[in-house]
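**Student:** got a predicted model here, sequence first, then my questions.
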Amino acid sequence: MKFKMQDKQNQLIERISHKHFVVGRDIAQESNVARAVNLRGIVVGDPLTLENNEDGFARLIKWINS
């Protein structure tokens, strides 16, 4: 029996609970925007604009942890 990638993705999505939040990052060449949402799709906190480089990624990690 083949295990479809969609089945794997659905399993991962089903594991998300009210204790989690999802961070989305819109990537571009120079600047990116990150936003966090909860299980129901409600925005958590303010969006973060960051540069597309190592310093920007470090800011993203710090933002997620705060």
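**Tutor:** Cool, the structure landed.
**Student:** which helices and strands does the helix or strand where Arg59 lies pack with?
**Tutor:** According to DSSP states H and E, Arg59 maps onto helix 54-65. Applying 3 or more C-beta pairs under 8 Å, 6 or more residues apart in numbering; DSSP states H and E, one finds that helix 54-65 contacts strand 21-26, strand 31-38, strand 43-51. In short, each C-beta sits where N, CA and C put it, glycine included.
**Student:** looking at those, which one has the lowest mean pLDDT?
**Tutor:** Among these, strand 21-26 has the lowest mean pLDDT, at a mean of 86.
**Student:** list the contacts of that strand.
**Tutor:** The contact list for strand 21-26, computed with C-beta atoms under 8 Å, 6 or more residues apart in numbering, reads 16, 32-39, 44, 60, 64.
**Student:** same thing but at 7 Å, please
**Tutor:** 32-38, 44, 64 (C-beta atoms under 7 Å, 6 or more residues apart in numbering).
**Student:** run a quick neighbour tally on Trp63.
**Tutor:** Neighbour count of Trp63, defined by other C-beta atoms under 10 Å: 16.
**Student:** related to what we said a few turns ago, between the contacts of strand 21-26, which is nearest His20?
**Tutor:** Minimum distance to His20 across the contacts of strand 21-26 is 7.7 Å, recorded for Asn38 (C-beta to C-beta).
**Student:** please look at that closest one and Gly45 and confirm they touch.
**Tutor:** No. With contacts counted by C-beta atoms under 7 Å, Asn38 stays clear of Gly45, the gap being 10.4 Å.
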